[in-house]
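Participant: I would like to see how this sequence folds:
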Amino acid sequence: MVVERIVLSTLTRIRLISCIKPQLLQQKQNLTNFLLVCKLSSYHVTKNIEHILHDNQIRTDAIIQNFNNEKNRPLLILLSWLLPKHKHIMKFANLYVEQGFDIVILSITPWQLIWPTKGSRLVASDLLEFLIKHQNYQQIVLHGFSVGGYLWGEILDLIQSDYQKYNNVIERIVGQVWDSLADVTELSIGIPHALFPKNKMLQNMFQKYLEYHMKTFYKQSTQYYIRSSQLFHTNLVHSPALFFVSKTDPIGSLTSNLRVKDQWDTLGVKTYIKIFEKSPHVGHYRKYPNEYVAELYTFFE
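Facilitator: Below you'll find the predicted structure:
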């Protein structure tokens with residue numbers, strides 16, 4: 001069971017779990033070292049989807065693509081923020097690897113976010129096809145960051161459009177974690193910040209362009225943002241949910257996250273929230289590591 005795999009003892013719960021020394025993450029071969037030490041295999045299903053799985057040896061892509069997990073491991077779907085560094089994503093993935101999870105990392109580029117029909121919706125479709133093919137993953141956990149919430153809304157839209165085909169995916173999701181959720185109203189702030197984190201002038205310029213873009217390209221873009229937000233608020237997934245949010249995050253605001261939580265409460269979803277006093281967007285784990293990990297593992301108990 002998922003609970004049996006992830007629960008740590010009281011003495012170890014608040015430690016940061018890592019199967020490699022932190023120094024290795026700073027080396028050029030950090031991913032290779034990580035895979036070798038932890039006995040993992042990694043390959044890209046598509047350019048936007050990476051599959052990391054436990055194994056006794058590094059396999060070729062051809063063998064991995066025909067992989068059938070006889071041990072029925074739980075799966076983590078990690079919906080990343082915009083333009084993440086792989087080593088930063090792996091810090092979160094590692095929290096689950098140690099508990100026996102296989103991992104799927106899903107990411108989109110700013111261009112794919114701006115043009116959904118040629119970008120994010122195709123990525124969403126690819127993930128659903130992967131999950132349909134990998135029925136061995138009967139216990140799935142979501143852990144999404146920032147625009148990962150938007151991408152999940154796109155996935156929900158595709159599920160709803162062919163529910164008979166995809167309802168099995170919903171039934172397999174046993175838990176969900178949302179970190180720094182950014183709503184559609186915050187996209188014009190979040191994307192410039194991700195592209196130009198240290199340049200306020202370019203942030204302001206690109207924010208103005210995005211506001212223009214959302215008004216001008218309603219059919220090509222904005223209608224999908226709105227639809228995604230609506231479906232996220234009326235989530236088809238009713239498994240327990242944990243929210244991480246900061247009082248000082250302008251991109252994933254406390255107000256918009258509480259709005260989602262309240263809506264899910266009315267749907268009968270068990271929701272929990274951890275509010276940090278002062279941490280940056282998608283930076284709660286970095287600033288408050290002990291509290292973050294303790295809250296995460298307590299949630300899974």
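Participant: where along this protein do the strands fall?
Facilitator: 40-46, 49-54, 75-79, 102-106, 140-145, 173-179, 241-246, 271-276 (DSSP state E).
Participant: any idea of the mean pLDDT in the last one?
Facilitator: Looking at strand 271-276 alone, the average pLDDT works out to 96.
Participant: what angle do it and strand 241-246 make?
Facilitator: 20 degrees (axes from the mean of the first three to the mean of the last three Cα atoms, to 10 degrees).
Participant: buried sites along strand 271-276?
Facilitator: For strand 271-276, the neighbour count (16 or more other Cβ atoms under 10 Å) marks 271, 273-274, 276 as buried. For every residue, glycine as well, the C-beta is placed using N, CA and C.
Participant: low-confidence ranges, the stretch 1-150 of the chain, go.
Facilitator: Scanning the stretch 1-150 of the chain with the threshold set as pLDDT under 70 gives 1-38, 56-71.
Participant: what's the burial count for residue 163?
Facilitator: 11 (other Cβ atoms under 10 Å).
Participant: follow-up on the earlier one: quick one: which of the strands of the chain is nearest residue 202?
Facilitator: strand 140-145 (22.6 Å; Cβ to Cβ).
Participant: just the CA trace of the closest one, in CSV.
Facilitator: Only the C-alpha atoms of strand 140-145 are listed here, as CSV (Å, rounded to 0.1, in the frame of the first residue of the first chain):
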residue,chain,number,x,y,z
ILE,A,140,-0.8,7.3,-8.6
VAL,A,141,0.1,10.4,-6.6
LEU,A,142,0.1,13.9,-8.2
HIS,A,143,2.6,16.5,-7.1
GLY,A,144,2.2,19.7,-9.0
PHE,A,145,3.9,23.1,-9.0
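Participant: other SSEs contacting that strand?
Facilitator: strand 75-79, helix 86-97, helix 148-161, strand 173-179 (3 or more Cβ pairs under 8 Å, 6 or more residues apart in numbering; DSSP states H and E).
Participant: recalculate using a threshold of 10 Å.
Facilitator: The contact analysis (3 or more Cβ pairs under 10 Å, 6 or more residues apart in numbering; DSSP states H and E) places strand 140-145 against helix 2-6, strand 75-79, helix 86-97, strand 102-106, helix 148-161, helix 163-171, strand 173-179, strand 241-246.
Participant: dump the third one to PDB, keeping only the CA atoms.
Facilitator: Output of helix 86-97 as PDB, limited to C-alpha atoms (Å, rounded to 0.1, in the frame of the first residue of the first chain):
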ATOM      1  CA  HIS A  86      16.700  19.200 -13.600                       C
ATOM      2  CA  LYS A  87      18.600  19.000 -10.300                       C
ATOM      3  CA  HIS A  88      15.900  21.100  -8.600                       C
ATOM      4  CA  ILE A  89      13.200  18.800  -9.900                       C
ATOM      5  CA  MET A  90      15.100  15.700  -8.700                       C
ATOM      6  CA  LYS A  91      15.200  17.000  -5.100                       C
ATOM      7  CA  PHE A  92      11.500  16.600  -5.000                       C
ATOM      8  CA  ALA A  93      11.500  13.400  -7.000                       C
ATOM      9  CA  ASN A  94      14.000  11.900  -4.500                       C
ATOM     10  CA  LEU A  95      11.500  12.300  -1.700                       C
ATOM     11  CA  TYR A  96       9.400   9.700  -3.400                       C
ATOM     12  CA  VAL A  97      12.100   7.500  -4.900                       C
END
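Participant: tell me the buried residues in it?
Facilitator: 89-97.
Participant: looking at these, which is nearest residue 197?
Facilitator: residue 89 (16.6 Å).
Participant: which residues does the closest one contact?
Facilitator: 50, 78, 80-81, 103, 105, 107, 145 (Cβ atoms under 10 Å, 6 or more residues apart in numbering).
Participant: quick check: closest non-adjacent residue to residue 267.
Facilitator: With sequence-adjacent residues excluded and distances taken as Cβ to Cβ, 6 or more residues apart in numbering, residue 267 is closest to residue 238, at 6.5 Å.
Participant: surely the one you found meets residue 268?
Facilitator: Yes. Taking contacts as Cβ atoms under 10 Å, residue 238 lies within contact range of residue 268: 6.4 Å.
Participant: the closest residue in space to residue 211 that isn't next to it in sequence and residue 284: what is the separation?
Facilitator: Using Cβ to Cβ, 6+ apart and skipping the chain neighbours, the partner closest in space to residue 211 is residue 188 (5.3 Å). In this view, residue 188 and residue 284 are 23 Å apart by Cβ to Cβ, to the nearest Å.
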